[in-house]
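Novice: quick one: sequence plus predicted model below, questions after.
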Amino acid sequence: GLATGSDYSYRLTVTKEVPGGCDWSDSAIYNTATLSPPMPENFSTDSKNTTELHLTWLDKSGSETEYQLQRCDDTAANCGVVDGNFVALDETLLEDAESYSDLTVCPNTPYTYRVRARKQPLLPDGWDTGWVGYPTLSLTTPRVGVLLFLLGFWMNGFSSIASAINLIVTPVTMRAPGMTPFRMPIFIWGALGAALIQFTSTQTVGVALTSSVLERAYGLTFFNPAYGGNPILYQHLFWFYSHPVVYLFVLPGLGVISELLPVFSRKPLFGYKWVALSSLAIAFVGFLVWAHHMFVSGMNDSLRIPFMMATMLVAVPTGIKFFSWVATLWGGKLSFETPMLFTLGAISVFLIGGVTGPILGTIPTNMHLHDSYWVVGHFHATMFGGFVFPFFAAIYYWYPKVTGHMYNEKLGKIHFWLMVPGFWVMSFG
C-alpha cells in the first residue's frame, strides 16, 4: 500500500534489463521492474492506507497490458485486492485470464505482489467523472472513455445548436398568412423559448468541453490549478448551460398544459399574451441563476446573493402560468379524458417541484441540502411535472390525429392512476 498522505499514485512499469532491478519469476519476456516516481522511504504495506497501484506490461511493439494488483504475505495464501479495475489492453500477451506472475517490488520492501491479468472490455474503461465531467478529474484520469465522453457531449451540443436554428426560424418566417405571433398556438411559444435557450447556452458548454479536450489532449491550461488553471471556471461555463437546459424540457411541457386545458375546459386560455410572454421570460431569467448550483463550490461569497435573488425571480413568470391555468379551469365545463388527467397530474407534480425550489435557491438552506435527496426530489418533480406527464398527455391527445386510431381510454386511465399517484408517494417519501 501507499503511505498515508502520499501525493502519488505509483505506476509500476515493466522495462527491459535495468541493473539492480527485480526479477520476474516466471516471465520470459522481461526480467526487470522499476518504480517511477521512486517509492518514498516510508513505503507502507498497510492495505488500509492503499490508494492505487498500476502495473503496466509494455511489450516489444510498445502496446500496454494492465493488470489487477494484489498484495500477498510471505506464504502467498492471503492476497488482498489493491485495485480490481485494471484492464488488459493487449490480449495477445494473455494465455489465461486467471494466470499469475509474481513480482518482487523494489526497493526496500520484502513483500511479494501477485499479478492477475484482466481482459479488455468492448469500450475501454468507461469514464469516471460522472455526467458533469468536472476537472481536475476529467483532465488527469487515465481513462480513455473520459475523452470519448467529452467529444460525444460536444457532438450532441453541435446537433442541438443546428436543430435550435430550425425551431427558431420556422415560427418566425414560415407562419401561415394572417397568423400574427399572438395568434400562434400557445405551445409554439414554449418551443420557441426552449429553442432560444438551446441555441445560446449550448455554445457556452461547447467552450468548456473544447477547452477540456485541448487541455487533456494537448496540455493547454484552462482548468487545472496545478498549472494555473481554475476548475471553478469550468463549473460556471457548465452550469450556464446546464441550468437553462432544464427549461428545454419544461417550457414545451408547460406549453402542452396551456394547449390542452382549454380543450377539456371548453373555454379559451385565460391571459394568452401573458402566458406566451412568460415562456420567454422564463427563458431569459434562466440565464441569470446558474450559480445556485455552485453555492458550496468555493465561488466568491458575494456573488451568491444576486444569484439567490435571481433564482427567486423565476417564480414570477412561472406563477403567471399557474394563475392562468387555474383561471382557465374556473367555471369551465370540465371533462376528464386521459389527456386531461395527465395534464392535471402534471400541474400537481410541477407544483411540488415549484414549492421545493425556492428552499434550495436560498443560501442558508442550500448549504445544508446540497447533494441531498431534497435536490433529487425537487429535480424529478420538476422534470416529471414539466415534461414527462405533459408528454404523456400530448401522446394521448394527438395519437388519434397522428395515427387515425383511437387509444383505449380504460387502459389510458389505468396508466394515469398507477403512475401519477405513484409519483406523489415517491416524491413525499
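Specialist: Yep, that arrived. This structure is a prediction, so every number in the text was calculated from the model and none was measured. Numbers count the residues shown, from 1 in each chain.
Novice: helix/strand/coil for Gly386?
Specialist: What DSSP: H, G, I helix; E, B strand; the rest coil gives for Gly386 is helix.
Novice: what are the contacting residues of stretch 276-285?
Specialist: 181-182, 184, 186, 189-190, 192-194, 196-197, 244, 247, 250-251, 254-255, 310, 313-314, 316-318, 320-321 (C-beta atoms under 8 Å, 6 or more residues apart in numbering). In this view, the C-beta of every residue, glycine as well, is placed from N, C-alpha and C.
Novice: buried residues in the helix or strand where Ser163 lies?
Specialist: Take DSSP states H and E as the rule and Ser163 turns out to sit in helix 144-173. For helix 144-173, a neighbour-count test (16 or more other C-beta atoms under 10 Å) marks 145-147, 149-150, 153-154, 157, 160, 164, 167-168, 171 as buried.
Novice: check stretch 177-186 too.
Specialist: Within stretch 177-186, the residues that count as buried by 16+ other C-beta under 10 Å are Met184, Ile186.
Novice: kindly report the same for stretch 204-217.
Specialist: Within stretch 204-217, the residues that qualify as buried are Thr204, Val205, Gly206, Ala208, Leu209, Ser211, Ser212, Val213, Glu215, Arg216, counting by 16+ other C-beta under 10 Å.
Novice: for the last one, what are its contacts?
Specialist: Arg216 makes contacts with Ser138, Leu139, Val146, Leu147, Leu150, as judged by C-beta under 8 Å, 6+ apart.
Novice: and the gap between it and Pro185?
Specialist: Using C-beta to C-beta, to the nearest Å, we find Arg216 at a distance of 45 Å from Pro185.
Novice: show me where pLDDT drops low in the stretch 1-150 of the chain?
Specialist: In the prediction, the stretch 1-150 of the chain carries residues with pLDDT under 70 at positions 1-125.
Novice: and Gly130, how many neighbours?
Specialist: By the criterion of other C-beta atoms under 10 Å, Gly130 has 10 neighbours.
Novice: the protein: helices as residue ranges?
Specialist: Ranges of helices in the chain, per DSSP state H, are 137-140, 144-173, 186-218, 231-242, 246-265, 272-285, 301-313, 315-329, 338-361, 363-369, 373-383, 389-403, 409-428.
Novice: now render the ones you listed as JSON lines, adding distance to Trp131.
Specialist: Shown next, in JSON lines, are the helices of the chain (distance: least, C-beta to C-beta, whole Å):
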{"stretch": "helix 137-140", "distance to Trp131": "11"}
{"stretch": "helix 144-173", "distance to Trp131": "9"}
{"stretch": "helix 186-218", "distance to Trp131": "12"}
{"stretch": "helix 231-242", "distance to Trp131": "9"}
{"stretch": "helix 246-265", "distance to Trp131": "14"}
{"stretch": "helix 272-285", "distance to Trp131": "23"}
{"stretch": "helix 301-313", "distance to Trp131": "22"}
{"stretch": "helix 315-329", "distance to Trp131": "25"}
{"stretch": "helix 338-361", "distance to Trp131": "19"}
{"stretch": "helix 363-369", "distance to Trp131": "20"}
{"stretch": "helix 373-383", "distance to Trp131": "13"}
{"stretch": "helix 389-403", "distance to Trp131": "21"}
{"stretch": "helix 409-428", "distance to Trp131": "21"}
